[in-house]
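Participant: Predicted model, plus sequence, below.
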Amino acid sequence: MKRVKFAVVGTGHIGKRHAEMVLRNDSAELVALADIKPKEELGIENYEVPFFSSLDDLIANGPDFDVLCIATPNGLHAQHAMAGLTARKHVVVEKPMALTKSD
């Protein structure tokens with residue numbers, strides 16, 4: 001059975017929860033993490049997946065993945081969702097999806 005490959009952008013409290021849920025699911029695989037903060041400051045040393053310092057870098061240079069989980073600050077959700085959709089990925093957005101009607 002092919003496992004669904006997930007990448008998580010934003011590795012604060014909620015991002016780590018998303019990553020943990022992926023790791024606990026036998027049908028899923030965590031393949032990458034991304035955050036603008038340095039990896040050493042994030043408390044993610046337990047995750048043995050590639051780490052990227054931006055979503056753009058993840059999309060351009062990271063491993064192939066099926067689903068992008070967005071757990072960044074609220075004001076970035078729409079921008080990050082559009083980047084994921086443009087890259088032809090499925091997108092899961094931590095609430096809210098956007099902060100303005102235009103987004």
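Facilitator: Perfect, thanks for sending it. Quantities reported herein were computed from a predicted structural model and do not represent experimental measurements. Numbering: from 1, shown residues only.

Participant: The host helix or strand of A60: what's the following helix or strand?
Facilitator: For A60, the host element (DSSP states H and E) is helix 55-61. Using DSSP H and E, the helix or strand that directly follows helix 55-61 along the chain is strand 67-70.

Participant: Only C-alpha atoms, please: export stretch 4-22 in CSV.
Facilitator: Only the C-alpha atoms of stretch 4-22 are listed here, as CSV (Å, rounded to 0.1, in the frame of the first residue of the first chain):
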residue,chain,number,x,y,z
VAL,A,4,0.6,9.4,1.7
LYS,A,5,3.6,11.7,2.0
PHE,A,6,3.3,14.8,4.1
ALA,A,7,5.5,17.9,4.5
VAL,A,8,4.8,20.4,7.3
VAL,A,9,5.7,24.1,7.1
GLY,A,10,5.8,25.8,10.5
THR,A,11,7.2,23.7,13.3
GLY,A,12,5.8,25.5,16.4
HIS,A,13,3.4,23.8,18.7
ILE,A,14,0.7,23.1,16.1
GLY,A,15,3.2,22.1,13.4
LYS,A,16,4.7,19.5,15.7
ARG,A,17,1.2,18.1,16.5
HIS,A,18,0.6,17.7,12.8
ALA,A,19,3.9,16.0,12.4
GLU,A,20,3.2,13.6,15.3
MET,A,21,-0.2,12.7,13.9
VAL,A,22,1.4,11.9,10.5
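
Participant: Now do the helices for this structure: every range, in order, please.
Facilitator: In the chain, helices defined by DSSP state H lie at 13-23, 55-61, 77-86, listed in chain order.
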